[in-house]
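>>> Need a 3D model of the sequence below.
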Amino acid sequence: MRERRRAATLLAGGLLALHAGGASVTSQAVDHINAMSRAPIATVAPRASAPPDTVWVPDRFVPLASGGQALVPGHWERWISAHEVGTPPLTAVNPADGSLTVYPAAIRPPAEQRREP
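Numbers count the residues shown, from 1 in each chain. This next block holds a predicted model:
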């Protein structure tokens, strides 16, 4: 009988200690998740739209070797020197028949000084 009483006392003391000790582990986890979800999000500064050594070449029409003209979409070109720019691979579209002409990436004169893309 004495052992039962001792076990009951220990059980009651343990329950009181848990109750007096504060929140349970589960409620602490929920509180932590809620606090993290309300924390401000770190932001990144906006990136510059283009490096200073690049230039935007707008959409333009260029003459084709077979005759007619083709539309070259706008693109960025990178300055190599005062008289040269690096161009990306370009695809020109012939609006008359929809055919495509592919120009590989290359070093060319600036757009205003050349007839090809």
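
>>> Please count neighbours and contacts with C-alpha atoms only from this point.
Fine.

>>> got the contact list for Arg47?
Listed by Cα atoms under 8 Å, 6 or more residues apart in numbering, Arg47 has no contact partners.

>>> Where do the domain boundaries of the chain fall?
2-38, 54-113 (automatic domain parsing).

>>> which stretches of this structure have low pLDDT?
1, 6-8, 10-23, 48-51 (pLDDT under 70).

>>> Please repeat the previous calculation with a cut-off of 80.
1-25, 42, 44-52, 65-66, 117 (pLDDT under 80).

>>> Take the domains of the chain and lay them out in TSV including mean neighbour count and distance to Ala45.
Formatted as TSV, those follow (neighbours: other Cα atoms under 10 Å; distance: least, Cα to Cα, whole Å):
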stretch	mean neighbour count	distance to Ala45
domain 2-38	11	21
domain 54-113	15	21
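
>>> and of these, who's closest to Pro46?
Distance to Pro46, taken as Cα to Cα, is lowest for domain 54-113 among those, at 18.2 Å.

>>> hang on, the earlier thing: could the domains of the chain go into a markdown table alongside distance to Val44?
Converted to a markdown table, the domains of the chain look like this (distance: least, Cα to Cα, whole Å):
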| stretch | distance to Val44 |
| --- | --- |
| domain 2-38 | 19 |
| domain 54-113 | 23 |
